[in-house]
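> sequence and predicted structure, then a few things I'm wondering about:
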Amino acid sequence: MKIKISPSILSADFGALNKDIEEIQSHCDQIHVDVMDGHFVPNITIGAPVVKCLTTALPLNVHLMIENPEKYIEDFAKAGSDRIVVHVEACKDLRAVLEQIKELDVENGVSIKPGTSVSEIKDVLDIVDEVLVMTVEPGFGGQSFMEDMLPKIKELRELGFEGDIGIDGGINADTARLCREAGANLLIAGSYIFGAENRVDAIYSLRG
Ligand code: DX5
Ligand code: ZN
């Protein structure tokens, strides 16, 4: 499977997002946008109006770390999201939320926190474009990769899931290799890319 790199703009300069994206966009595959509400996670970032201001032609993969995502999905779709990923822990009716995203002509995804097992999402894999496996507790960039999450990747592939398996949290050249070997194909990295002296080199080091 082709490896896709998705820089997380959580570690970019929020006052110059379009400039930071422009600098790297020809070297990566999509842009990862972290939306946090201060309830589902202990941090607040951006909402749909900011997503709307992103000018890149790359697909926007929007990771919603918010309670009641069903209330805001339409806003994020209208703002130009190409894919919307919700957390199973935040959804009362996960299948309904995933279908709601599809009905808006947007790709969907479901994310699992470190404490959540693959069995919690097994039943929706038939309608899902991406499973996003968190390898840190969601909320902040720059945390350490939790290696004990790697078996979740294998488990998903063993269940026959052929969509994107994204890995989010603590990705660098070393942890990216572990993820690729386990069967993940979508690597999200924030601080490793935007904190690097040479951001483009950092991106290529993730591809292996
Ligand atoms: C964390 C976010 C991540 C974050 C990753 O809750 O979902 O996307 O930006 O940051 P790094 O790559 O620095 O661990
Ligand atoms: Zn994220």
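Right, received. Where do you want to start? Ligands and ions are numbered 1, 2, ... in the order given.
> can you pull the residues of the protein lying near ligand 2?
Counting by C-beta under 5 Å from the ion, the residues of the chain close to ligand 2 are Asp34, His63, Asp168. C-beta: built from backbone N, CA, C; applies to glycine.
> derive a PyMOL selection command for the buried subset of the residues you listed.
Only the buried entries of the residues of the chain next to ligand 2 go into this PyMOL selection, using 16 or more other C-beta atoms under 10 Å:
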select buried, resi 34+63+168
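> quick one: which of the residues of the chain next to ligand 2 sit in helices?
With helices defined by DSSP state H, no entry of the residues of the chain next to ligand 2 lies inside them.
> make a markdown table out of the residues of the chain next to ligand 2 and add distance to Glu158 and pLDDT.
Formatted as a markdown table, the residues of the chain next to ligand 2 follow (distance: C-beta to C-beta, whole Å; pLDDT from 0 to 100):
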| residue | distance to Glu158 | pLDDT |
| --- | --- | --- |
| Asp34 | 29 | 98 |
| His63 | 25 | 99 |
| Asp168 | 21 | 99 |
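> any idea how far ligand 1 is from Ile167?
According to C-beta to the nearest ligand atom, to the nearest Å, Ile167 stands 10 Å off from ligand 1.
> ok, now which ones touch that residue?
Leu132, Val133, Thr135, Met149, Ile153, Cys179, Ala184, Leu186, Leu187, Ile188 (C-beta atoms under 8 Å, 6 or more residues apart in numbering).
> in the sheet, who's paired with it?
Ile167 has these beta-bridge partners by DSSP bridges: Val133, Leu187.
> and the residue most central in space within the chain, bridged to which residues?
Closest residue to the average C-alpha location of the chain: His63 at 5.1 Å, with C-alpha atoms, centre = their mean. Residues in a beta bridge with His63, per DSSP bridges, are Asp34, Val85.
> what about it, distance to ligand 1?
From His63 over to ligand 1 (counting by C-beta to the nearest ligand atom), the distance is 5 Å.
> and what of Asp174?
According to C-beta to the nearest ligand atom, Asp174 and ligand 1 sit 13 Å apart.
> list the buried residues of the strand or helix carrying that residue.
According to DSSP states H and E, Asp174 maps onto helix 173-182. Neighbour counts over helix 173-182 (16+ other C-beta under 10 Å) mark Thr175, Ala176, Leu178, Cys179, Arg180, Ala182 as buried.
> my read: the residue nearest to the centre of the chain touches Gln30, true?
No. Assessed by C-beta atoms under 8 Å, His63 is found out of contact with Gln30, at 11.4 Å.
> in this structure, which residue sits closest to ligand 2?
His63 (3.8 Å; C-beta to the ion).
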